[in-house]
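Q: All I have is the shape, not the residue letters:
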């Protein structure tokens, strides 16, 4: 994806509410399953991570993207926005 497409998705993600929250237990299999279900139904999702360790949040974002095949759209504070296109795309991304 190019920067224009990422910027477009970032704009769409701004108004989203977090659908998955990662607590003190970190990135468990249950959390990954929930992220997978949310990506299948929404394509673009916002995740809220509780915890103050920025490096841990970055590591979680990278792990989520690696395990789900999603693309990291944005990471600001404790909010992560990721995108993975569904088989029948719901979001039309500009070229």
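A: Structure received. Here the structure is a predicted model, which is why all the values come from computation and not from measurement.

Q: Please make it C-alpha for all contacts and neighbour counts, starting now.
A: Noted.

Q: What strand or helix carries the spatially most central residue of the chain?
A: Geometric centre of the chain, nearest residue: residue 82, 2.4 Å, by Cα atoms, centre = their mean. Secondary structure from DSSP states H and E places residue 82 in strand 79-83.

Q: what are the pairing partners of that strand, and which direction each?
A: Here strand 79-83 has these sheet partners by DSSP bridges: strand 44-49 (antiparallel), strand 71-76 (antiparallel).

Q: returning to what we had before: hey, what's the residue nearest to the centre of the chain bridged with?
A: Assigned bridge partners for residue 82, using DSSP bridges, are residue 45, residue 72.

Q: quick one, helices of this protein?
A: Using DSSP state H, the helices of the chain run over residues 3-13, 29-42, 54-68.

Q: Redo those as JSON lines? Include mean pLDDT, distance to residue 77 and mean neighbour count.
A: Shown next, in JSON lines, are the helices of the chain (pLDDT from 0 to 100; distance: least, Cα to Cα, whole Å; neighbours: other Cα atoms under 10 Å):
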{"stretch": "helix 3-13", "mean pLDDT": "94", "distance to residue 77": "14", "mean neighbour count": "15"}
{"stretch": "helix 29-42", "mean pLDDT": "94", "distance to residue 77": "19", "mean neighbour count": "15"}
{"stretch": "helix 54-68", "mean pLDDT": "95", "distance to residue 77": "8", "mean neighbour count": "15"}
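
Q: Perfect, that will be all.
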